[in-house]
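>>> Starting from these lines, generate the structure:
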Amino acid sequence: MCSRVVRYQQCINAFLWVETETPTQKELRARIKEEETGSEWHSGACCWCLCVKKLKMMEEPKEQPVKAAPSAEEELARVRSAFVWRVTTEILTQLLEDLVYDTVLNELEKESILEKNLARADKARSFIDTVRKKGDKACKITIKHLQIKDPSLFSQLRLDSDPSAQQGEVM
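Residues are numbered from 1 along each chain as shown. Below you'll find the model as predicted:
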């Protein structure tokens, strides 16, 4: 075989070794040292670069991207279906009254949710959709009220309590 084919085959073998065997840092250092001292391991420069790159990846601490906590609006969107199935008419009415009191909703919006929807599930859907349209602050206030009015439902929905929710602000 010509030397180019041999070197190519050696590079392929080195690549497979590095990718499939998951060598330790010590093994990689030994391979790099062999390459630098001119031993017969692999003469292709790409093999050496591959080992160096793999070693650097192992030594550098991997930065885990920090996931931002979901917004209150995203939380309500996530639990919408479960809320619709589990909320009682009584709790829904209390939540509506609390949101009117906190000026998140006005009386007309409350009546619209209660009167235009005959089924409890439809009222719950309309309620969540209306609050989500009001923005993140409105959603935070709603979540806080739900935590107070029905702690059991709150925990079933696995909602995150946010103490920064401020009540009584005009939306």
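>>> can you count the residues close to residue 98?
19 (other Cβ atoms under 10 Å). Every residue, glycine included, has its C-beta placed from N, CA and C.
>>> Thought residue 146 was touching it, still the case?
No - with contacts counted by Cβ atoms under 8 Å, residue 98 stays clear of residue 146, the gap being 9.3 Å.
>>> Return the set of buried residues in stretch 68-76.
The neighbour-count check on stretch 68-76 (16 or more other Cβ atoms under 10 Å) flags 72-73, 75-76 as buried.
>>> Run through who's touching it.
By Cβ atoms under 8 Å, 6 or more residues apart in numbering, the residues outside stretch 68-76 that reach it are 78, 83, 128, 131-132, 135-137, 139-140, 142-143, 159-160, 162, 165.
>>> Got a ChimeraX select line for the buried ones in the residues you listed?
Typed into ChimeraX, the next command selects the buried ones out of these (criterion: 16+ other Cβ under 10 Å):
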select :83,128,131,132,136,137,139,140,142,143,159,162,165
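>>> Tell me the one among the contacts of stretch 68-76 nearest to residue 122.
For those, the closest approach to residue 122 (Cβ to Cβ) belongs to residue 128, at 11.1 Å.
>>> Quick check: the gap between that closest one and residue 75.
The spacing between residue 128 and residue 75, counted by Cβ to Cβ, to the nearest Å, is 11 Å.
>>> Then residue 120?
Distance of residue 120 to residue 75, given as Cβ to Cβ: 22 Å.
>>> Strands of the protein, residue ranges please.
Remark: strands of the chain are absent; assignment by DSSP state E.
>>> Let me see the domain layout of it.
3-59, 72-156 (automatic domain parsing).
>>> residues contacting residue 66?
By Cβ under 8 Å, 6+ apart, residue 66 has no neighbours at all.
>>> Surely residue 143 touches residue 153?
No - at 11.2 Å, residue 143 and residue 153 do not qualify as touching, with contact defined as Cβ under 8 Å.
>>> Show me which helix or strand of this structure is least confident by mean pLDDT.
helix 3-21 (a mean of 54; mean pLDDT, DSSP states H and E).
>>> Could you count how many residues lie near the nearest residue to residue 85 once chain neighbours are set aside?
Beyond its immediate neighbours in the sequence, the residue positioned closest to residue 85 (Cβ to Cβ, 6 or more residues apart in numbering) is residue 121, lying 7.4 Å away. Using other Cβ under 10 Å, residue 121 is surrounded by 13 other residues.
>>> do the same with residue 111
Around residue 111 there are 13 other residues, counting by other Cβ under 10 Å.
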